[in-house]
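Undergrad: When you get a sec, could you give me coordinates for this:
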Amino acid sequence: MEGKAETEKGVPFSLADTVSYAGGSVVSKTLLKKDVGNITLFSFDSGQGLTEHTSPFDAVVYIMDGEAEITIGGKAQIVTAGEMIIMPANISHGLQAIKRFKMLLIMIRGS
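TA: Numbering: from 1, shown residues only. Now for the predicted structure:
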């Protein structure tokens with residue numbers, strides 16, 4: 001996974017063009033990083049994923065392109081382009097690319 005510097009503020013940009021697919025890889029681009037949360041773009045090539053883990057943040061995942069299997073608390077669900085899912089803080093979750101996909105991840109620290 002490769003991350004890059006935060007996106008320039010006050011300048012319009014295309015989400016779809018901000019992160020590209022890379023063969024056999026997961027690519028990430030941090031758009032905004034604050035103590036209270038982060039906004040990050042990801043691309044996952046087919047077959048790539050993130051193993052189950054927990055986070056102290058509630059996380060909103062918006063699938064921009066493709067199809068992912070997202071497991072939350074042991075329950076797997078298919079999420080496709082145009083759909084969102086909320087992953088609660090401190091509950092195990094993981095992602096797997098059914099087809100290559102791009103997602104916008106918004107993480108917000110709970111109280």
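
Undergrad: Now stretch 37-47 - C-alpha only, CSV.
TA: Listed next in CSV are the C-alpha coordinates belonging to stretch 37-47 (Å, rounded to 0.1, in the frame of the first residue of the first chain):
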residue,chain,number,x,y,z
GLY,A,37,-10.5,11.3,11.8
ASN,A,38,-9.2,10.7,8.2
ILE,A,39,-10.5,10.7,4.7
THR,A,40,-8.7,8.3,2.4
LEU,A,41,-9.2,7.0,-1.1
PHE,A,42,-8.2,3.4,-1.9
SER,A,43,-8.0,1.1,-5.0
PHE,A,44,-7.9,-2.6,-4.6
ASP,A,45,-6.9,-4.9,-7.5
SER,A,46,-9.0,-8.1,-7.9
GLY,A,47,-8.2,-10.6,-5.1
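
Undergrad: Now that stretch: average pLDDT?
TA: The average pLDDT within stretch 37-47 is 96.

Undergrad: Need the contact partners of that stretch.
TA: 3, 15, 18-33, 57, 66, 68, 95-109 (CB atoms under 8 Å, 6 or more residues apart in numbering). Heads up, the C-betas are built off the backbone N, CA and C, glycines and all.

Undergrad: Repeat that for stretch 75-95.
TA: Counting by CB under 8 Å, 6+ apart, 44, 49-74, 98, 101, 103, 109-110 sit against stretch 75-95.

Undergrad: Please repeat the previous calculation with a cut-off of 7 Å.
TA: With contact meaning CB atoms under 7 Å, 6 or more residues apart in numbering, stretch 75-95 is reached by 49-73, 98, 110.

Undergrad: Any chance you could list what contacts the lowest-mean-pLDDT helix or strand in the chain?
TA: One helix or strand of the chain scores below all others by mean pLDDT, DSSP states H and E: helix 15-18, with a mean of 90. When contacts are defined by CB under 7 Å, 6+ apart, helix 15-18 is touched by residues Lys29, Leu41, Met64, Lys102, Leu104.

Undergrad: can you tell me which two in these are farthest apart?
TA: Lys29 and Met64 (12.3 Å; CB to CB).
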